[in-house]
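Student: How does the following fold in three dimensions:
(one chain, ligands or ions: 2)
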Amino acid sequence: MSNRRNSVDYDWDESDVRVRANKKGTRPRTKERPAFEDAETGRVVTVDRGRYTAVVAEDTDDERLVTAVRAKALRRTPVVAGDLVGLVGDTTGAPDTLARLVRLEDRRTLLRRSADDTDPVERVVVANTDQLVIVVAAADPEPRTGFIDRSLVAAYDAGIEPLLCITKTDLRDPAWLIEHYRALDLTVLTSGPAGAGSEASDDSLPLDPALVQQLREHVDGKVSTMLGHSGVGKSTLVNALTGADRATGGVNAVTGRGRHTSSSALALRVPDTGPGTWIIDTPGVRSFGLAHVDPDRIVESFDELGEAIADCPKGCTHLADAVGCALDAWVADGHAGEAGPARLESLRRLLGSGRDEEQNEKHLGR
Ligand SMILES: Nc1nc2c(ncn2[C@@H]2O[C@H](COP(=O)(O)OP(=O)(O)OP(=O)(O)O)[C@@H](O)[C@H]2O)c(=O)[nH]1
Ligand SMILES: [Zn+2]
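Tutor: Ligands and ions are numbered 1, 2, ... in the order given. Model prediction:
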């Protein structure tokens with residue numbers, strides 16, 4: 001398996017990939033790189049102190065986990081859970097072997113966040129996610145609408161489908177929360193009516209098995225990223241979906257939480273689902289700075305409103321106080337239908353969520 005030519009070639013000097021300013025503007029150009037035609041494709045399941053764990057030959061009899069380090073040429077390229085990468089060198093996955101990560105495939109989606117709202121430095125969180133599962137508890141801890149709003153904005157910005165999952169409905173009826181997001185046409189999953197969870201037949205789990213089943217159906221065939229604050233029951237859900245003992249497949253057994261001590265994202269398999277089903281748990285991600293977000297992209301994710309902003313002044317924030325924002329007239333003229341006003345109000349609440357940090361913190365009860 002090991003390849004002598006590559007084992008020399010990939011050790012480029014950094015100057016090999018120096019980026020030059022492009023006369024035409026923003027897009028940097030890189031020198032042509034060796035193609036590494038014989039590189040194997042892997043899906044990064046976790047990153048820990050410069051070591052990348054990737055699954056190769058996914059869903060074949062050859063499926064295995066390979067640990068790799070980045071080639072020097074990619075030293076400045078962030079590689080995250082969910083990324084598809086090219087691997088060369090020793091890709092056997094045998095104990096104590098190390099492959100080289102030499103290529104990053106184009107990303108279908110990329111979930112990003114800024115350090116905070118004033119710092120535009122972007123951090124990539126996870127790649128190639130189809131769905132963002134925002135987990136909140138109906139109570140204990142109190143649901144934080146500021147957190148939900150910010151997560152929604154990050155999802156819309158990235159072109160990822162959001163899904164709201166409400167746990168602990170045995171403790172409180174989440175009707176107000178569902179009502180709060182009604183205009184967004186968001187998929188909302190909840191456990192059964194108050195009391196159902198606590199009477200679940202399996203007394204080791206306080207959660208509603210019906211919720212787990214619903215969630216399994218919604219994640220089937222997709223890559224889903226799970227996001228939630230500490231204590232909302234995210235681990236309980238992830239464990240129920242993926243098999244708490246992690247004995248359900250090579251990947252989970254090796255990257256089981258017991259040995260996964262870092263706070264980085266971790267991709268896990270979901271038993272009883274089709275190929276391509278992955279859940280990415282994000283233990284370290286507690287908030288989304290939104291400085292990198294382009295408000296136009298958020299508006300455009302609202303189908304019936306997106307068209308309107310062609311008539312907005314340049315740099316329009318599309319907020320209620322934006323002078324000349326075309327959204328007001330668009331909705332008033334009925335172009336967005338009966339639900340238009342409520343949709344616009346919800347949209348503006350989301351657009352404003354990056355602005356009012358203090359208000360959010362209050363909501364967070366800090
Ligand atoms: N009443 C009730 N309790 C639940 C439910 N789901 C989880 N819990 C409990 O809530 C507590 C927190 O659950 P975890 O799964 O550890 O929460 P988490 O969000 O992963 O939190 P961290 O592990 O701190 O990140 C545990 O004691 C669970 O047993 C539920 O549906 N109803
Ligand atoms: Zn506008």
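
Student: and whichever strand or helix holds V133, what other elements does it pack with?
Tutor: Assigned by DSSP states H and E, V133 belongs to strand 131-137. In terms of contact count using 3 or more CB pairs under 8 Å, 6 or more residues apart in numbering; DSSP states H and E, strand 131-137 is assigned the packing partners helix 145-158, strand 161-167, helix 209-219, strand 223-228. The C-beta positions use only the backbone N, C-alpha and C, and glycine is treated the same way.

Student: Which of those sits closest to A291?
Tutor: Among the helices and strands packed on strand 131-137, the nearest to A291 by CB to CB is helix 145-158 (11.3 Å).

Student: Please compute how far the closest one lies from its chain's middle.
Tutor: Here the centre of mass of C-alpha atoms in helix 145-158, compared against the chain's by CA atoms, centre = their mean, to the nearest Å, lies 11 Å away.

Student: got it, and stretch 274-289?
Tutor: Between the centre of stretch 274-289 and the centre of its host chain there is 5 Å, according to CA atoms, centre = their mean.

Student: Quick one: end-to-end distance for that stretch.
Tutor: Length of stretch 274-289, first residue to last, CA to CA, to the nearest Å: 34 Å.

Student: hang on, the earlier thing: export the helices and strands packed on strand 131-137 to JSON lines and append columns for distance to F288, mean pLDDT and mean neighbour count.
Tutor: Below are those laid out as JSON lines (distance: least, CB to CB, whole Å; pLDDT from 0 to 100; neighbours: other CB atoms under 10 Å):
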{"stretch": "helix 145-158", "distance to F288": "4", "mean pLDDT": "92", "mean neighbour count": "23"}
{"stretch": "strand 161-167", "distance to F288": "12", "mean pLDDT": "96", "mean neighbour count": "23"}
{"stretch": "helix 209-219", "distance to F288": "21", "mean pLDDT": "94", "mean neighbour count": "17"}
{"stretch": "strand 223-228", "distance to F288": "9", "mean pLDDT": "96", "mean neighbour count": "26"}
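
Student: Quick check: which of these is nearest to ligand 2?
Tutor: Taking CB to the ion as the criterion, ligand 2 comes closest to helix 145-158 out of the helices and strands packed on strand 131-137, the separation being 15.9 Å.

Student: Can you add distance to ligand 1 and give the helices and strands packed on strand 131-137 back as JSON lines?
Tutor: Formatted as JSON lines, the entries for the helices and strands packed on strand 131-137 read as follows, by distance: least, CB to the nearest ligand atom, whole Å:
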{"stretch": "helix 145-158", "distance to ligand 1": "13"}
{"stretch": "strand 161-167", "distance to ligand 1": "5"}
{"stretch": "helix 209-219", "distance to ligand 1": "7"}
{"stretch": "strand 223-228", "distance to ligand 1": "5"}
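
Student: Could I get these in a markdown table, plus columns for distance to T273?
Tutor: Compiled in a markdown table, the helices and strands packed on strand 131-137 are given as follows (distance: least, CB to CB, whole Å):
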| stretch | distance to T273 |
| --- | --- |
| helix 145-158 | 21 |
| strand 161-167 | 15 |
| helix 209-219 | 6 |
| strand 223-228 | 10 |
